[in-house]
Each structure stands twice: as C-alpha cells, then as structure tokens.
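J.: Starting from these lines, generate the structure:
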Amino acid sequence: MIKDDVYDKINKQLINISKAEVRAANLEVFPRLVGALHNHSGSCAQCRELYEKNNLYVEDILTVLRGSKEERKDFENTVNEALAHLQQTHKALPKGRILSVSVMTGMLLGLSIAVLAGYFINGDLMGYGALGWLIGVTAGWITGKVREHNLKKEKRLF
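T.: Alright, predicted model coming up:
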C-alpha cells in the first residue's frame, strides 16, 4: 500500500469528522509514515512488523478517533514507535520537522543576539529585536530548506 492509497482510505473514513479532530489525532504525518514503513519493509523486519501494525489503523481509523483514551494512546504509541525506528535505524525524518526546528532556532538566536547587541550599543531594543527576529527566521528557513532538500536527495525524508 502506498501513500496515496493510505490517504484515500483515511479520507473516505473521515468524511463526517471535523478538521479539529483530525489535527488533534496527528493524522497529517500518518500516511507518509505508513508509506515510509512500506518502502523499508522489504529490507527490514521491524519495518514490516510496524507497517502491519499501522496498516490495521489505516483500515479502521475511526476506532482511534471515536474510541476510548486507551485506543488513542495505543495508536500514538504505535506511531511514535515507528517514527523512532525510522529516525534511529534508517535516519529518516518526516518532512517539515527539520524546517520547523531550524526556523525556531534561528528565531531564538537572532532575537537573542540582536537584543544583546541593542543593549550594549544602548540602542532601541525593540528595533534591534525585531530586526534580529526577522534575520533569524530567514536564516533558519533557508537552513531548514537546504537541509531538507539534501535529505530528500538522499531519500531520507518522508
């Protein structure tokens, strides 16, 4: 089963479900995760096992959304186990994770450096802070995009 099939099966089940519930269940990464597990299942026994576990949720995702807290917790644990395996064993990461971390890091560094510079220069802290924040976000975004592009070329991004 490939990513598009997973999207189709999940979307057919989620017709009457609100977008807030879908976001709360973290289903954005799930189809890509199942696709990555499928891609690695030919050469990795643990990926094959995790793929089969996660594929059960694909067939009946409403059980997770409408079920008890235990069922939702089991789903989250299974997804987290698969994410950890892909990250540790295959060095694969979900698309967007590196970008978001890079932007946040750039934002914090840019703001911190700019406020410190403004403090020692005795300048306008708000102006320096805003400029530093903007430069940090831009630098973080560029860094994240470049890193994700390199991972995509190495087929380590899903």
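J.: Wasn't H85 part of a strand?
T.: No - H85 is assigned helix when assessed by DSSP: H, G, I helix; E, B strand; the rest coil, not a strand.
J.: quick one: contacts for it?
T.: Listed by C-beta atoms under 8 Å, 6 or more residues apart in numbering, the contact set of H85 reads 46-47, 50. C-beta here means a position set from N, CA and C on the backbone, and glycine is covered the same way.
J.: Test my guess that V103 contacts W141.
T.: Yes - assessed by C-beta atoms under 8 Å, V103 is found in contact with W141 at 5.3 Å.
J.: So those two - more neighbours on which side?
T.: A direct count of neighbours by other C-beta atoms under 10 Å for V103 and W141 places V103 higher, at 20 against 16.
J.: check which helix or strand covers the nearest residue to the more buried one once chain neighbours are set aside.
T.: Computed as C-beta to C-beta, 6 or more residues apart in numbering, the closest residue to V103 that is not its neighbour in sequence is G140, at 4.1 Å. Counting by DSSP states H and E, the element that carries G140 is helix 125-153.
J.: Contacts only, for V58.
T.: Counting by C-beta under 8 Å, 6+ apart, V58 has contacts 1, 6, 9-10, 34.
J.: That one: what secondary structure?
T.: Classification of V58 by three-state DSSP places it in helix.
J.: Please tell me the pLDDT value assigned to it.
T.: pLDDT, V58: 82.
J.: And it, how far from V6?
T.: Noted for V58: a distance of 5 Å to V6, by C-beta to C-beta, to the nearest Å.
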